[in-house]
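Q: Prediction below, plus the sequence it came from.
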Amino acid sequence: MTRSRPGNRRGDVDPFIVMDVMERARAAEAAGRSIIHMEVGQPGTPAPAGARRALAAALDGPLGYTVALGLPELRAGIAALYRRWYGVDLDPARVVVTTGSSGAFLLAFTAMFEAGDRVGLGEPGYPSYRQILRALSLVPVGIPAREENRLQPVPADLDGCEVQGLIVASPGNPTGTMLDRAALTALIRWAEARGLGFVSDEIYHGLHYGDPAVSALEISQTPWVINSFSKYFSMTGWRVGWMVVPEDQIRRVERLAQNMFICPPHASQIAALAALDCTEELEANRTVYAENRRLMLQGLPAAGFTRIAPPDGAFYIYADVSDLTDDSLALAQDILDRAGVAVTPGLDFDPRRGARTLRFSYARSTADIAEGLARLADWAAGRSHQASRR
C-alpha cells in the first residue's frame with residue numbers, strides 16, 4: 001500500500017465543534033426527527049430581497065473576475081456605511097472586499113505577522129482565530145476574560161503577556177457582550193503604546209439591542225477592522241466580507257489577495273452592493289432578534305440555565321453550566337438526543353473553561369425559539385425528575 005506524505009503540523013488544527021453538532025443535527029433530521037437549531041450563528045432570514053433582485057438582473061451579463069480588492073462601487077458603498085453608522089469619513093481605497101470574513105483574517109494575519117509571532121485573543125472567543133493562526137505558523141495566546149468584565153479582555157489581563165498582536169471582537173462570539181468606547185479605547189491604546197498589531201472583529205455590528213457598537217475606526221486609524229455581510233445582512237452562504245486596512249498596507253494586501261484569491265465572488269459582490277440599501281428589511285430582522293433575545297432571557301433561566309453573560313448584541317447567549325456538568329460536549333449531546341434542540345458546547349470557544357459552558361443561538365425564527373425553549377424546559381423537568389428518583 002502506497003502511503004501519502006505525512007501532513008505538516010500547520011494542518012493539525014482542531015475541529016470546529018459547532019460544525020460537528022450541525023452534522024449530528026442534520027443526521028437526526030434525516031432520520032425523521034424534528035430539531036430546533038440553536039447551535040449555529042446563521043440568520044434564519046434570507047438575503048435581502050433587493051440583493052436577490054440585483055443578482056437576478058445580473059445573471060444574463062458577464063460574471064467574471066473583478067479587481068482583487070473588490071468592485072470599486074462596493075468599496076465606496078462600504079465607506080459610505082461608515083459615514084452613516086459611525087460618522088467616520090473613510091477613504092474607499094482602504095476598503096478590501098474579501099471572501100467572507102475568513103478571507104479577511106487570512107489576509108490580515110499574513111500581512112501583519114511573521115511566522116512564530118504570538119497573537120493574543122480573548123477567551124471565550126471565536127475558535128477559528130486560533131486555528132487560522134496555527135495554520136499560518138503563528139501562536140495563538142489565549143487571554144482568559146473575567147465575568148466581572150463581561151467576558152471581554154481588559155488591559156490588566158494582558159500584563160506580562162508577550163504578544164505581537166491582539167484580536168478583539170465586539171459584539172463577541174459566543175457571548176454577545178460589547179466593549180464600550182472607553183473599554184475599546186483602552187485596548188487600542190495598550191496595543192499602540194507597544195507597537196502591536198490590533199485587529200477589531202466587527203462582524204456583528206448592526207445587531208445591537210441598546211446602544212450601537214463602537215467601531216475601532218472611531219478611535220484610531222491604526223487598527224485593522226474586519227466585517228462581513230454574513231450576520232446583519234443575512235448573507236452567510238454568499239461568502240462576502242470586507243476589511244479596512246491602514247493606508248500604507250493597501251498595496252501589500254492587494255498583492256496577497258491577487259495571489260491567494262484572485263478576487264471575491266463577483267455575483268456575491270453585486271448582491272452585497274444592493275444589500276447596503278436594504279435598511280428597512282434588515283432592521284425588521286433585528287426586531288425579530290430582539291424579540292428572540294427577550295424570550296431567551298426569560299426562558300433559559302426557567303429551564304435551569306441561570307448564569308448567563310449579559311448579551312448586548314449578536315444573537316448568542318453564553319451560559320455557565322458548571323452546576324449541571326463538567327462535560328459540555330456530553331450535555332449538548334444529551335440535549336440534542338432527549339430534547340431535539342441543538343446547542344454548542346463551550347469547548348469551541350474556550351479550551352480551558354469551555355467544558356462547563358454552552359452557547360445558545362437565537363438567530364432563527366421566533367416560533368423556533370419559543371418551541372426550543374419549551375423543549376428545554378421539558379428536558380430540565382425530566383432531568384430534575386430523574387435526579388429526585390435516585
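A: That came in fine, so what should we check first? These numbers come from a predicted model, not from an experiment. Numbering: from 1, shown residues only.
Q: Isn't residue 246 up against residue 93?
A: No: Residue 246 lies out of contact with residue 93 (CB atoms under 8 Å); the separation is 11.3 Å. Using the backbone N, CA and C atoms, a C-beta is placed for each residue, glycine as well.
Q: show me where pLDDT drops low in the protein?
A: 1-8, 10-16, 384-390 (pLDDT under 70).
Q: Just give me the residue closest to the centre of it.
A: By CA atoms, centre = their mean, the chain has its centre lying nearest to residue 173, at 5.3 Å.
Q: if I look at it, how far off is residue 231?
A: From residue 173 over to residue 231 the distance is 9 Å, taken as CB to CB, to the nearest Å.
Q: Need the overlap of contacts for the two.
A: 41, 203-204, 314 (CB atoms under 8 Å, 6 or more residues apart in numbering).
Q: Please narrow these to those residing in strands.
A: When the shared contacts of residue 173 and residue 231 are checked against strands (DSSP state E), there are no matches.
Q: So which of those residues wins on neighbours?
A: residue 314 (32 neighbours; other CB atoms under 10 Å).
Q: Tell me where the stretch 1-150 of the chain has helices.
A: Under the criterion DSSP state H, counting those that start in this stretch, the stretch 1-150 of the chain carries helices at the ranges 17-30, 49-58, 72-86, 100-112, 127-135.
Q: Give me the angle between the shortest one and helix 100-112.
A: Read it as helix 127-135. Here helix 127-135 runs at an angle of 40 degrees relative to helix 100-112 (axes from the mean of the first three to the mean of the last three CA atoms, to 10 degrees).
Q: Helix 17-30 and helix 127-135, what's the angle between them?
A: 120 degrees.
Q: One more: the third one?
A: Here the directions of helix 72-86 and helix 17-30 differ by 100 degrees (the same axes, to 10 degrees).
Q: now helix 72-86, how far from the centre of its chain.
A: 21 Å (CA atoms, centre = their mean, to the nearest Å).
Q: So which bits of that helix are buried?
A: 74-79, 81-82, 86 (16 or more other CB atoms under 10 Å).
Q: helices and strands around that helix, which ones?
A: Contacts defined by 3 or more CB pairs under 8 Å, 6 or more residues apart in numbering; DSSP states H and E place helix 72-86 against strand 95-98, strand 241-244, helix 266-275.
Q: how about the CA coordinates for that helix, as PDB?
A: The C-alpha trace of helix 72-86 is given here as PDB (Å, rounded to 0.1, in the frame of the first residue of the first chain):
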ATOM      1  CA  PRO A  72     -15.000  49.900  -6.700                       C
ATOM      2  CA  GLU A  73     -18.700  50.800  -6.300                       C
ATOM      3  CA  LEU A  74     -19.000  48.200  -3.400                       C
ATOM      4  CA  ARG A  75     -15.900  49.600  -1.700                       C
ATOM      5  CA  ALA A  76     -17.400  53.100  -2.000                       C
ATOM      6  CA  GLY A  77     -20.700  51.800  -0.600                       C
ATOM      7  CA  ILE A  78     -19.000  50.300   2.400                       C
ATOM      8  CA  ALA A  79     -17.100  53.500   3.000                       C
ATOM      9  CA  ALA A  80     -20.500  55.300   2.900                       C
ATOM     10  CA  LEU A  81     -21.800  52.800   5.500                       C
ATOM     11  CA  TYR A  82     -19.000  54.000   7.900                       C
ATOM     12  CA  ARG A  83     -20.200  57.600   7.500                       C
ATOM     13  CA  ARG A  84     -23.800  56.500   8.100                       C
ATOM     14  CA  TRP A  85     -23.200  54.300  11.100                       C
ATOM     15  CA  TYR A  86     -20.300  55.900  12.800                       C
END
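Q: what sits up against it?
A: With contacts defined as CB under 8 Å, 6+ apart, helix 72-86 is touched by 69, 88-97, 205-206, 212, 214-215, 217-218, 242, 244, 269, 272-273, 276.
Q: With stretch 321-341 instead?
A: 17, 21, 24-25, 28, 33-36, 38-39, 304-305, 307, 342-347, 354-358, 372, 375-376, 378-379, 382.
Q: Stretch 33-43 too?
A: Taking CB under 8 Å, 6+ apart as the rule, stretch 33-43 contacts 18, 21-22, 25, 28-29, 173, 231, 234, 236, 285, 314-316, 332, 336, 340-344, 359-364, 368-369, 371-372, 375.
Q: Roughly how far does the closest residue in space to residue 49 that isn't next to it in sequence sit from residue 289?
A: Spatial nearest neighbour of residue 49, chain neighbours left out: residue 281 (6.4 Å); criterion: CB to CB, 6 or more residues apart in numbering. Noted for residue 281: a distance of 13 Å to residue 289, by CB to CB.
Q: same thing with residue 317?
A: Separation of residue 317 from residue 289 (CB to CB): 12 Å.
Q: swap in residue 234?
A: Relative to residue 289, and taking CB to CB, residue 234 is found at 11 Å.
Q: just residue 27 next, same as before
A: Counting by CB to CB - residue 27 and residue 289 are separated by 28 Å.
Q: Please consider this matter closed, and thank you.
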